[in-house]
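Participant: Have a look at this prediction, sequence included:
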Amino acid sequence: MDTLQVRFLYGSKPRPEHKKEQKIWFGGMLGGHVGIRYNDTCYLSFFYEGRVHIFQHKNSKNGKYDFQSVEEFNHIMDEDVDSVKTLVIYIPISHDKRLKFDSICASYIKQTPYDYAFFGYRCGSSTYDILAQLDVVKEYSFFKTWLKIFYPKIVRRKLIHQAKEHNWRREKHKGTHKRRWEKD
């Protein structure tokens, strides 16, 4: 057996009394980020380079899969890792599924399969896509995936439910009191 670690950085907004010292994050309360730990040193992460497209652009993709160091992944919100509310869900997988995950990673790093768009694939739907290929979650069509998995909280809720059902380990970190965090 092997283990996938799915890490969620929660969406938030500054509390009124800390607006001057806390940044506004892209997405606010419905923002956040999610990625899958690849090995001890990095995460597979889906993000954009340049501007966010409103709709998918087939010929001008700005989406990118890449391996990010633990530090890079944790600082996607431009914050110290200890100040961000996080959840890690540990999902046991077979050796064959681990090999499939490695193959997906190699393929997606080489050629990102879709654009990063507001009405399209972002970190939540892209993570869901990979988990569906590994039979961790129910598989949907391309269109239905981004439509149903519009932001990371939806994936997080599904995985929290499964974690409770299958007794998967979870680790949670509260985050700073200077921000109002989204809830599960």
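Facilitator: Sure thing, it's come through.
Participant: now residue 165: how far from residue 91?
Facilitator: 12 Å (Cβ to Cβ, to the nearest Å). Every residue, glycine included, has its C-beta placed from N, CA and C.
Participant: Counting neighbours, go ahead and name the busier of those two.
Facilitator: Neighbour tally, residue 165 and residue 91, criterion other Cβ atoms under 10 Å: the higher count belongs to residue 91, 21 against 8.
Participant: The more buried one reaches residue 167, doesn't it?
Facilitator: No: counting by Cβ atoms under 8 Å, residue 91 does not reach residue 167; the two are 11.5 Å apart.
Participant: which residues of the chain fall in helices?
Facilitator: 70-74, 95-110, 123-133, 142-148, 152-166 (DSSP state H).
Participant: Residue nearest the middle of this protein, spatially speaking?
Facilitator: residue 34 (1.5 Å; Cα atoms, centre = their mean).
Participant: which residues does that residue contact?
Facilitator: 6, 7, 8, 9, 123, 124, 127, 152, 155, 156 (Cβ atoms under 8 Å, 6 or more residues apart in numbering).
Participant: so how far is residue 99 from the residue nearest to it when sequence neighbours are not counted?
Facilitator: In space, and not counting its chain neighbours, residue 34 is closest to residue 152: 4.4 Å by Cβ to Cβ, 6 or more residues apart in numbering. Distance from residue 152 to residue 99, counting by Cβ to Cβ: 26 Å.
Participant: More neighbours: the two, which one.
Facilitator: Higher neighbour count among residue 152 and residue 99: residue 152, with 28 against 12, using other Cβ under 10 Å.
Participant: I'd like to know how far the more buried one sits from residue 8.
Facilitator: For residue 152 relative to residue 8 (Cβ to Cβ), the value is 6 Å.
Participant: between those two, what contacts are shared?
Facilitator: Contacts common to residue 152 and residue 8, judged by Cβ under 8 Å, 6+ apart, are 32, 33, 34.
Participant: Tell me if I'm right that the first one and residue 182 touch.
Facilitator: Yes: assessed by Cβ under 8 Å, residue 32 is found in contact with residue 182 at 7.0 Å.
Participant: list residues touching both of those two?
Facilitator: With Cβ under 8 Å, 6+ apart as the test, residue 32 and residue 182 both reach 10, 11, 12, 153.
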